[in-house]
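Q: Please work out how this folds:
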Amino acid sequence: MAENRQIAKDVLSAVGGSENVQKVAHCMTRLRFNLKDESAVSDDTVKAVDGVLGVVHVNGQLQVIIGQNVTKVYEELCKLGGFAEQAAIEENLDAPAKEKLTLKKIGRNILDYVAGSMMPIIPVIVAASMFKTLQTLLGPGMLGLITEESSLYLLGNIMYNAFAYFLPIYLGYNAAIKLGVSPAMGTFLACMLFVPDFTAMIGTDASFSVYGIPAPVNDYGQSILPILISVWIMSYVDKFFRKVLPDTLSTIFAPFFTMVVMAPVTFCAVAPLGNYLGVYLGEALTAFGNVGGFLAVGILGALYEFIVLSGMHGVLILSAIMLMLQNGSEAFVLTAAGCATWAAFGIAFGAFLRLKNRQEKSLALGAFISGFIGGVVEPSLYGVGFKYRKPFIALAIGGFAGGVYAGLTHVAVYVAGTSNFLVVLGYVGGGTANTVNGLISSFISFAVAAAVTYIAGFDKNEPALKAEKKE
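A: Below is the predicted model of the structure:
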């Protein structure tokens, strides 16, 4: 594997140099480029860079898959291209003409906005979920090592709720950054919904109004849609006032006038509407899982990683997390996703056992370790799935088999956290039976995917199946 600086240098050259880059960001495994001329870049050239696992085009971005070292590569990339300073520029005079607004474009923008707001808080979700998992594991429902009155049990609740209850505040901050407005304003907008004077009215007969406009009093803790919609509207209001006000006044009065407008918009309309939409979305997801029963879980388990590859999984995960926070558990999307994750581990392990070429065998083992330990499945999907094609069939079969078992035994996820082998800890909150069945469904997905990959995952004439001749 090349050094991070060399990877950054080669990738930058392959995408046309810094002069072709409008903006570059990164997620957990990918460099995300917004290019001035995407058509001038050859995917094969980018894929040929040592250290690059694959290339995809999603939401108008060129996404270069690096893996777990993406943060270090990104840092080197910013140094080489001077992108840290460039990121602060809102507009680029050399930017291409705006695309025609179509339903497809609108859908892409929504998915990009949701993903950009959610992705940065994944480390928080993982950390908080681990506290909740340990609380459940050590508590009276499992090992019985601590009581519900103990300080350690209380700490678990505090650490988890620091994420779960205040989720809108995290989203308000990230959504504002994504839309190019002040993250402090996005945080301010979200915090309005958590002021004690407002939350104290929840569940009482007290009435509340903004400028005489009645505002429903709801609990917006753990909600997602209200703040995402509110920040989106605020981005236009803020830009309007900054445009019409003189520069000497905009610093003070643009934020003030923005919040004067957003107070009734948020309290009286958007937050209640977003809250109801979130409830209905969760109910629709639950109804779909109930109608399809165990087959629905199996089918989603078979298709989930392909949905991830398309970039369309954000809405599913958003709805599932929202439902889990509302009801305490989720037995459809997150359960199926867990099975699909183990199937992805399985195709990498099956390939490792089957391949004879030392380099290809080593890469397959690396893909397995990257997923199983590091929670990054892209090396399995791109390094094994796309490379040999047939393992994708094994991925679908494994995800389906594990999903069907999970659906039949009503396996539910109680905390959404890591995507490595510790993903099974999400089943702990449901008690021993749920945990055991969750483990069994994971093993079925892994074993079936590995076995099918080993038996039928490669063409007979695949060179990597032939043992290397000793010199």
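Q: Name the next helix or strand downstream of the helix or strand harbouring Gly116, please.
A: Using DSSP states H and E, Gly116 maps to helix 103-118. Per DSSP H and E, the first helix or strand lying C-terminal to helix 103-118 is helix 122-138.
Q: which other residues reach the helix or strand that that next one is followed by?
A: Note on helix 122-138: by DSSP H and E, the next helix or strand toward the C-terminus is helix 151-164. Applying Cβ atoms under 8 Å, 6 or more residues apart in numbering, the external contacts of helix 151-164 come out as 121, 124-125, 127-129, 131-132, 134-136, 138-139, 146-147, 170, 221-222, 325, 415. Backbone N, C-alpha and C define where each C-beta goes, glycine included.
Q: Whichever of those residues end up buried, select them in ChimeraX.
A: A single ChimeraX command is used to select the members of those judged buried by 16 or more other Cβ atoms under 10 Å:
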select :121,125,128,129,131,132,134,135,136,138,139,146,170,221,222,325,415
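Q: Export only the CA atoms of stretch 302-311, formatted as CSV.
A: Only the C-alpha atoms of stretch 302-311 are listed here, as CSV (Å, rounded to 0.1, in the frame of the first residue of the first chain):
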residue,chain,number,x,y,z
ALA,A,302,-30.3,-9.6,0.1
LEU,A,303,-30.5,-6.1,-1.5
TYR,A,304,-29.2,-3.8,1.3
GLU,A,305,-25.5,-3.6,0.3
PHE,A,306,-26.6,-2.9,-3.3
ILE,A,307,-28.7,-0.1,-2.0
VAL,A,308,-25.7,1.2,-0.2
LEU,A,309,-23.7,1.1,-3.4
SER,A,310,-26.3,3.2,-5.1
GLY,A,311,-26.2,5.7,-2.2
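Q: Let me see the mean pLDDT of it.
A: In this model, stretch 302-311 has a mean pLDDT of 78.
Q: Could you do stretch 262-281 as well?
A: pLDDT averaged over stretch 262-281 gives 85.
Q: Buried residues, stretch 72-81. List them.
A: 73-74, 76-78, 80-81.
Q: check which helix or strand covers Asn34.
A: Going by DSSP H and E, Asn34 is in strand 30-35.
Q: buried residues in the next helix-or-strand element following that strand?
A: Sequence order places helix 43-47 as the next helix or strand after strand 30-35, per DSSP H and E. For helix 43-47, a neighbour-count test (16+ other Cβ under 10 Å) marks 45-47 as buried.
Q: Beyond helix 43-47, next helix or strand please.
A: strand 54-58.
Q: And the strands in the protein?
A: 21-26, 30-35, 54-58, 61-65, 209-210, 213-214 (DSSP state E).
Q: Now do the nearest residue to Ser42 once chain neighbours are set aside: how many residues are near it, please.
A: Among residues not flanking Ser42 along the chain, Ala14 sits closest, at 7.8 Å (Cβ to Cβ, 6 or more residues apart in numbering). Applying the criterion other Cβ atoms under 10 Å, we find 21 residues in the vicinity of Ala14.
Q: same check, this time on Lys466
A: 11.
Q: Distance of the most centrally placed residue in the chain relative to Leu365?
A: Centroid-nearest residue in the chain, with Cα atoms, centre = their mean: Met119, separated by 4.8 Å. Here Met119 is placed at a distance of 28 Å from Leu365 (Cβ to Cβ, to the nearest Å).
Q: Same question for Thr102.
A: 44 Å.
Q: out of those two, which sits in the busier spot?
A: Neighbour totals were compared for Thr102 and Leu365, and Leu365 leads with 16 against 9 (other Cβ under 10 Å).
Q: Find the nearest non-adjacent residue to the more buried one, please.
A: Closest to Leu365 by Cβ to Cβ, 6+ apart is Phe352, at 4.6 Å.
Q: What confidence value was assigned to the one you found?
A: At Phe352, pLDDT is 93.
Q: Ala467 too?
A: 68.
Q: pLDDT-wise, which helix or strand of this protein ranks last?
A: helix 83-86 (a mean of 54; mean pLDDT, DSSP states H and E).
Q: follow-up on the earlier one: just the angle for the strand holding Asn34 relative to strand 21-26, thanks.
A: Here strand 30-35 runs at 170 degrees with respect to strand 21-26, directions being taken by axes from the mean of the first three to the mean of the last three Cα atoms, to 10 degrees.
Q: what are the pairing partners of strand 30-35, and which direction each?
A: strand 21-26 (antiparallel), strand 61-65 (antiparallel) (DSSP bridges).
Q: okay, those strands in TSV with mean pLDDT next?
A: Below are the strands paired with strand 30-35 laid out as TSV (pLDDT from 0 to 100):
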stretch	mean pLDDT
strand 21-26	86
strand 61-65	87
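Q: Looking at those strands, which is nearest to Gly203?
A: Shortest distance between Gly203 and the strands paired with strand 30-35, using Cβ to Cβ, is found for strand 21-26: 41.3 Å.
Q: Please compute how far stretch 319-328 lies from its chain's middle.
A: 15 Å (Cα atoms, centre = their mean, to the nearest Å).
Q: about what we covered before: among the buried residues of stretch 72-81, which are in helices?
A: 73-74, 76-78, 80-81 (DSSP state H).
Q: okay, who's weakest in those by pLDDT?
A: Ranking these by pLDDT, Gly81 lands last with 84.
Q: distance of that residue from Ser150?
A: 52 Å.
Q: Then Ala164?
A: 20 Å.
Q: okay, Lys47: pLDDT?
A: 86.
Q: Pairing-wise in the sheet, spell out the partners of the residue nearest to it when sequence neighbours are not counted.
A: Closest residue in space to Lys47, ignoring its immediate chain neighbours: Val55 at 5.5 Å, by Cβ to Cβ, 6+ apart. For Val55, the beta-bridge partners are Val64 (DSSP bridges).
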